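S.K.: Have a look at this prediction, sequence included:
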Amino acid sequence: MNSPYDIIVRPVVTEKSNLELGKNIYTFIVAKNATKVAVRGAVEKIYSVKVAKVNTMLVAGKKRRYGRISGQDPDLKKAIVYLAKGQKIDALAA
């Protein structure tokens, strides 16, 4: 993973993640092999903010069924990023 854009796939935009924006907590989908240190560096480089803490989790894909055809959504890795006091990511604020 050379680029920070390879580590951060996309931000998570849900009701719960939008409520946490006011508390300086941001949620991102990240690459499966990304470490907490790599996520921290990528967020700091892309958004020019100071990260206080990073939590990561693996999310199993849901089983889906379309008539007779069944499949599964892909597994994901999520990172919950806590920013330092006074920091804010303007691009994600609604």
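M.R.: Good, I have the coordinates. Residues are numbered from 1 along each chain as shown.

S.K.: low-scoring pLDDT stretches of this structure, where are they?
M.R.: 1, 93-94 (pLDDT under 70).

S.K.: In it, which residue sits furthest out from the middle?
M.R.: When distances to the mean C-alpha position of the chain are computed (C-alpha atoms, centre = their mean), the maximum falls on residue 68, with 33.3 Å.

S.K.: Keeping just the C-alphas, turn stretch 21-41 into CSV.
M.R.: Provided in CSV are the C-alpha atoms of stretch 21-41 (Å, rounded to 0.1, in the frame of the first residue of the first chain):
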residue,chain,number,x,y,z
LEU,A,21,-19.4,13.5,13.6
GLY,A,22,-20.2,16.0,16.3
LYS,A,23,-18.1,14.0,18.8
ASN,A,24,-15.1,14.0,16.3
ILE,A,25,-15.6,10.3,15.5
TYR,A,26,-15.3,9.3,11.9
THR,A,27,-15.9,5.9,10.3
PHE,A,28,-14.2,4.7,7.2
ILE,A,29,-14.1,1.5,5.1
VAL,A,30,-10.4,0.6,4.8
ALA,A,31,-8.4,-2.0,2.9
LYS,A,32,-8.5,-5.5,4.6
ASN,A,33,-4.7,-5.6,5.2
ALA,A,34,-4.5,-2.0,6.6
THR,A,35,-3.2,-1.7,10.1
LYS,A,36,-4.2,0.9,12.7
VAL,A,37,-0.9,2.8,12.2
ALA,A,38,-1.4,2.8,8.4
VAL,A,39,-5.0,4.1,8.8
ARG,A,40,-3.8,6.8,11.2
GLY,A,41,-1.2,8.0,8.7
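
S.K.: tell me which residues in that stretch are buried?
M.R.: Buried residues in stretch 21-41, counting neighbours by 16 or more other C-beta atoms under 10 Å, are found at 21, 24-28, 30-31, 34, 38-41. All C-beta atoms are positioned from the backbone trio N, CA, C, and that covers glycine.
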